[in-house]
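>>> Quick one: sequence and predicted model below, then my questions.
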Amino acid sequence: MRKCLRGEAYISASGICFECKVGTYSLDEESTECKKCPEEAEECTGKNVISLRSGYWRANNNSDKIIFCRNMESNCLGGSKNFTCAEGHIGALCESCDIYAHYFDEAYSVAEEYTCGKCS
C-alpha cells in the first residue's frame, strides 16, 4: 500500500486512496477527505490545485490559508501559482518590491505606498 499523494484522500475502512474531484482539493497526504473549494478561489481543478480569484494571496501552494489583499487589491493577480503578484511586486500580499530583480527582469523600488516602479 502506497501513501496517498497530495490531491488524494485516504479511506481508512478500505485502505485506499482516491483522487479529489473538480471543485475539491487536498493538500495533505494524510487527508481523509477532499475539501470543498474555498470562496476566494476561482476554481479547484481537483487534486491539489487551488486557483485564486484576483485580489487574493496565499503564501505557497502547500497552504490553503487565503488572505484578501486589502491594502492594494490590484497587486494580487490570483491564479494557481503562489506569488502571483503584479509586475515588480513580491512578498506577503504582494506589498513589497523586487528591489534585487530576483523575480522580474528589472529591479523595482517603492513608487508610492504599496506600489512599485522600475528602477531605470
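Now that the structure is in, tell me what you want to look at. Residues are numbered from 1 along each chain as shown.
>>> Quick one: end-to-end distance for stretch 24-44.
6 Å (Cα to Cα, to the nearest Å).
>>> what sits up against it?
Among residues not part of stretch 24-44, those counted as contacts by Cβ atoms under 8 Å, 6 or more residues apart in numbering are 3-12, 20-23, 46-53, 56, 61-64, 66, 68, 78. For the C-beta atoms, the positions are set from N, CA and C on the backbone; glycine is no exception.
>>> Give the buried residues for that stretch.
Buried positions in stretch 24-44, judged by neighbour count with 16 or more other Cβ atoms under 10 Å: 24-28, 31, 34-35, 37-38, 40-41, 44.
>>> what lines up beside the lowest-mean-pLDDT helix or strand in the chain in the sheet?
In the chain, no helix or strand scores lower on mean pLDDT, DSSP states H and E than strand 8-11, which sits at a mean of 90. Each strand that strand 8-11 pairs with, and the sense of that pairing, follows from DSSP bridges: strand 16-19 (antiparallel).
>>> Only C-alpha atoms, please: export the partner strand in PDB.
Taking Å, rounded to 0.1, in the frame of the first residue of the first chain, the C-alpha atoms of strand 16-19 are listed here in PDB:
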ATOM      1  CA  ILE A  16      -7.300   3.000  -0.500                       C
ATOM      2  CA  CYS A  17      -6.600   6.500  -1.800                       C
ATOM      3  CA  PHE A  18      -9.000   8.300  -4.100                       C
ATOM      4  CA  GLU A  19      -8.400  11.400  -6.300                       C
END
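>>> Can you name the next helix or strand after it?
Toward the C-terminal end, the helix or strand that comes next after strand 16-19 (DSSP states H and E) is strand 24-25.
>>> partner strands of that following strand, parallel or antiparallel?
Looking at strand 24-25 with DSSP bridges, its partner strands are strand 35-36 (antiparallel).
>>> After the strand it pairs with, which helix or strand is next? Please name it.
Elements were assigned by DSSP H and E; along the chain past strand 35-36, the next helix or strand is strand 41-44.
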